[in-house]
Every structure is written in C-alpha cells, then in structure tokens.
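Enquirer: task: produce atomic coordinates for the following.
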Amino acid sequence: MAAKVKIKPLADRIVIMPSEDEVSQTAGGIYIPDTAKEKPQTGEVVAAGPGRVTDDGTTVALTVKVGDSVVYSKYAGTEYSEGGTDYLVVRESDILATI
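Expert: Prediction:
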C-alpha cells in the first residue's frame, strides 16, 4: 500500500519509498552496522509527476504509477524526509525495471 506524501513531484520526477533491508547478520554470524550496509535499490512508487514535456509542448506520460514496485539505479535521486519516513526523488530514467 502506497504511503500518503505531501510532496508533489514535477515533470518526470517520481517519489519512491525505499524498501527496508532487514539483513543485519551474515551467514557466519557477524553483525553488520547500519553505516556499512548498502542502500536498497528497490522500493515502491508513492507519488509521480505528470510526465516529461517534449520540445513541442506535449506531455509524455510516465510508464510507472503509484503503487508499482521498482528497481532503481544505485546512486540515483535525492533523499527527502517527511514525517520521519525517508523517500527518494528520482527521474523516470533512473528507474531500471518494475517488479
């Protein structure tokens, strides 16, 4: 279920709630601190802009919609926090696939 956010992305921007990575211990029993964990690359779309505007002024609709689970580029986007929840604002081109 998509979270309700106050932020309204513009153009081809998409707001993603990154999925939580719950693996904090290796198979050998070593605990991994939060600072050493890799950032997740999957998440859920919680808000989407209207789409990209072409040079002739027409709007090209986005291919993802609110509620879609997506895979995005490792270092993509800008982090945004609202109400204690972290979000990621990315361009549609930073989204690699839907799950």
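Enquirer: skip the chain neighbours and tell me the closest residue to Lys4.
Expert: Excluding its sequence neighbours, the residue lying closest to Lys4 (Cβ to Cβ, 6 or more residues apart in numbering) is Val46, at 7.9 Å. Any C-beta I mention is one placed from the backbone N, CA and C, and that applies to glycine too.
Enquirer: isn't there a helix covering that neighbour?
Expert: No: applying DSSP: H, G, I helix; E, B strand; the rest coil, one finds Val46 to be strand, outside a helix.
Enquirer: need the pLDDT of it.
Expert: The model reports Val46 with a pLDDT of 96.
Enquirer: how close does the residue sitting nearest the centre point of the chain sit to Lys8?
Expert: In the chain, the C-alpha nearest the mean C-alpha coordinate belongs to Ile16, at 2.7 Å (Cα atoms, centre = their mean). Using Cβ to Cβ, to the nearest Å, we find Ile16 at a distance of 15 Å from Lys8.
Enquirer: now do the SS call for the residue sitting furthest away from the middle of the chain.
Expert: The C-alpha centroid of the chain is most remote from Gly28, which lies 31.1 Å away (Cα atoms, centre = their mean). With three-state DSSP as the basis, the three-state label of Gly28 is coil.
Enquirer: got the phi and psi for it?
Expert: Backbone torsions of Gly28, given as degrees, to the nearest 10, read phi -80, psi 0.
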